[in-house]
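Peer 1: Take a look and give me a structure for this.
(one chain, ligands or ions: 1)
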Amino acid sequence: MCPMRVLHGRAVQTGAGLFFGVRGCYATATIGAPAPPPHRLMDGYMDDLETLRAELITAVEDAPDLGALEEVRVTALGKKGRVTALMKSLGGMDPETRKAAGQEMNRVKDAIAAAIEARKGELEAAELDARLARERIDVTLSARPERAGSIHPISQTWDEVVAIFGQMGFAVAEGPDIEDDFHNFTALNFPPDHPAREMHDTFFLPQRPDGSRHLLRTHTSPVQVRTMIHQPPPIRILAPGRTYRSDSDMTHTPMFHQFEGLVIDETTHMGHLKGCLQEFVEAYFEVDDVPMRFRPSFFPFTEPSAEVDIRCSRKGGELRIGAGDDWLEILGCGMVHPNVLKACGIDPARYQGFAFGVGLERIAMLKYGIPDLRTFFESDLRWLRHYGFAALDVPTLHGGLGR
Ligand code: PHE
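Peer 2: You can find the predicted model right below:
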């Protein structure tokens with residue numbers, strides 16, 4: 001039963017004559033015609049209200065989607081909506097009637113608002129269901145092949161070496177690929193006519209107006225010089241980078257990589273150099289107790305100088321590090337020559353230290369069984385897929401350096 005009947009105990013009048021309020025013509029009617037007596041007005045009002053309520057609730061329930069529902073809401077409850085229009089008609093009533101009519105009005109308003117909310121909930125749920133159905137992923141589809149890139153063995157080895165020396169307290173230092181004579185040769189104790197300048201088979205750049213010639217650095221040792229000039233001891237750096245020599249065969253390419261180590265302080269001696277390299281070799285090759293041999297050698301920038309060999313076996317075409325009775329040369333090193341310290345403004349009477357230089361490709365080839373140096377730079381994707389590393393396989397000492 002309709003609540004307004006209970007409230008007023010009066011039968012609701014129906015009829016076309018009283019319908020004008022619903023259509024929003026009530027104001028016009030009051031101007032054009034004499035105002036109906038209050039009780040008639042109230043009855044008519046209730047009637048209109050009930051009709052309006054039924055009509056709007058039906059419209060709400062019939063709204064096919066959220067857009068249509070919003071339209072119904074605006075038509076019903078908006079500023080110029082029909083309920084609002086009817087509300088305005090309260091003005092013509094006496095206070096008591098207006099109070100009762102106003103309460104009814106609010107009830108109807110609330111009922112319509114509640115119906116809109118309920119319908120909205122239904123429509124939203126239906127929309128979500130439809131979206132879920134539409135966006136369902138068919139997991140039975142076979143996955144498309146994914147083209148994952150891989151890390152080049154040079155980058156991997158570089159990271160491994162940095163991880164090992166980083167653990168020993170070495171900081172990474174860098175220098176330019178294009179060097180001048182001073183940093184690449186003179187400061188490193190190469191006299192002007194030293195055959196080593198020829199020995200390196202250097203790529204020179206065109207001569208400059210002052211007669212000097214820049215060059216592509218032949219080793220990473222100029223980074224020693226740059227570091228010593230810019231930083232007072234103690235120094236402990238590792239300088240990985242590209243180097244260039246005019247060479248090309250199975251074991252030489254015009255561009256290759258080295259890493260340079262340099263330690264300068266007041267007490268460092270050859271024993272430290274040996275310990276450091278022993279530590280490095282065992283960590284890098286992931287083999288305990290690799291026997292090492294220091295062979296006397298010559299570099300202008302170290303005195304004494306040595307080349308370092310490690311034990312290996314080559315039986316059955318397989319190289320094994322740390323066992324067997326062959327030797328494998330892996331790097332050059334020595335105590336930094338006093339002339340180099342002097343050229344860099346460091347007092348050789350007070351400071352000393354060691355340096356070493358290692359071919360990055362060389363140790364990568366040894367560890368990962370890559371037979372031909374040239375393949376590193378051929379950009380052959382099949383090669384890279386075979387020898388490359390997963391992108392997230394970042395080498396760390398605790399997580400493992402290799403694969
Ligand atoms: N610079 C040397 C080379 O390229 C390697 C080296 C570095 C040797 C440091 C001794 C000390 O062959």
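Peer 1: per-domain residue ranges of the chain.
Peer 2: Taking automatic domain parsing as the criterion, the chain consists of the domains 3-134, 153-387.
Peer 1: Turn these into TSV, including mean neighbour count and distance to the ligand.
Peer 2: Every C-beta, even on glycine, is put in place using the N, C-alpha and C of the backbone. Converted to TSV, the domains of the chain look like this (neighbours: other Cβ atoms under 10 Å; distance: least, Cβ to the nearest ligand atom, whole Å):
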stretch	mean neighbour count	distance to the ligand
domain 3-134	15	65
domain 153-387	17	3
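Peer 1: Quickly, which of those domains bottoms out on average pLDDT?
Peer 2: Comparing mean pLDDT across the domains of the chain, the weakest is domain 3-134, with a mean of 71.
Peer 1: Where do the strands of the stretch 201-350 of the chain begin and end?
Peer 2: 215-216, 235-244, 255-265, 292-299, 302-313, 320-321, 326-336 (DSSP state E, counting those that start in this stretch).
Peer 1: closest one to residue 81 among those strands?
Peer 2: Ranking those by proximity to residue 81 (Cβ to Cβ) places strand 235-244 first, at 75.8 Å.
Peer 1: my guess is residue 154 meets residue 257, correct?
Peer 2: Yes: Residue 154 is in contact with residue 257 according to Cβ atoms under 8 Å; the separation is 6.0 Å.
Peer 1: Find the residues that touch each one of those two.
Peer 2: In terms of Cβ atoms under 8 Å, 6 or more residues apart in numbering, residue 154 and residue 257 are both contacted by the residues 360, 361.
Peer 1: Same list, the domains of the chain, but as JSON lines with distance to residue 142 please.
Peer 2: Shown next, in JSON lines, are those (distance: least, Cβ to Cβ, whole Å):
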{"stretch": "domain 3-134", "distance to residue 142": "22"}
{"stretch": "domain 153-387", "distance to residue 142": "21"}
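Peer 1: To what extent is the nearest residue to residue 391 once chain neighbours are set aside buried, counted in neighbours?
Peer 2: The spatial neighbour of residue 391 that comes closest, neighbours along the chain excluded (Cβ to Cβ, 6 or more residues apart in numbering), is residue 151 at 5.9 Å. Per other Cβ atoms under 10 Å, the neighbour tally for residue 151 reads 19.
Peer 1: what separates the nearest residue to residue 339 once chain neighbours are set aside from residue 336, distance-wise?
Peer 2: Excluding its sequence neighbours, the residue lying closest to residue 339 (Cβ to Cβ, 6+ apart) is residue 189, at 4.4 Å. In this structure, residue 189 and residue 336 are 10 Å apart, going by Cβ to Cβ, to the nearest Å.
Peer 1: swap in residue 352?
Peer 2: Using Cβ to Cβ, residue 352 is found at 7 Å from residue 336.
Peer 1: Can you work out which residues contact both of the two?
Peer 2: By the contact definition Cβ under 8 Å, 6+ apart, residue 352 and residue 336 are jointly contacted by residue 264.
Peer 1: residue boundaries of the helices in the stretch 151-300 of the chain?
Peer 2: Along the stretch 151-300 of the chain, counting by DSSP state H, counting those that start in this stretch, helices occupy 153-167, 181-184, 195-199, 222-230, 270-285.
Peer 1: tell me which strands and helices the longest one is in contact with?
Peer 2: Looking back up the chat, that one is helix 270-285. Packing partners of helix 270-285 (3 or more Cβ pairs under 8 Å, 6 or more residues apart in numbering; DSSP states H and E): helix 153-167, strand 255-265, strand 292-299, strand 302-313, strand 326-336, strand 352-359, helix 360-368.
Peer 1: what residue lies at the spatial centre of the chain?
Peer 2: residue 392 (11.8 Å; Cα atoms, centre = their mean).
Peer 1: and that one, what is it in contact with?
Peer 2: Counted by Cβ under 8 Å, 6+ apart, residue 392 has zero contacts.
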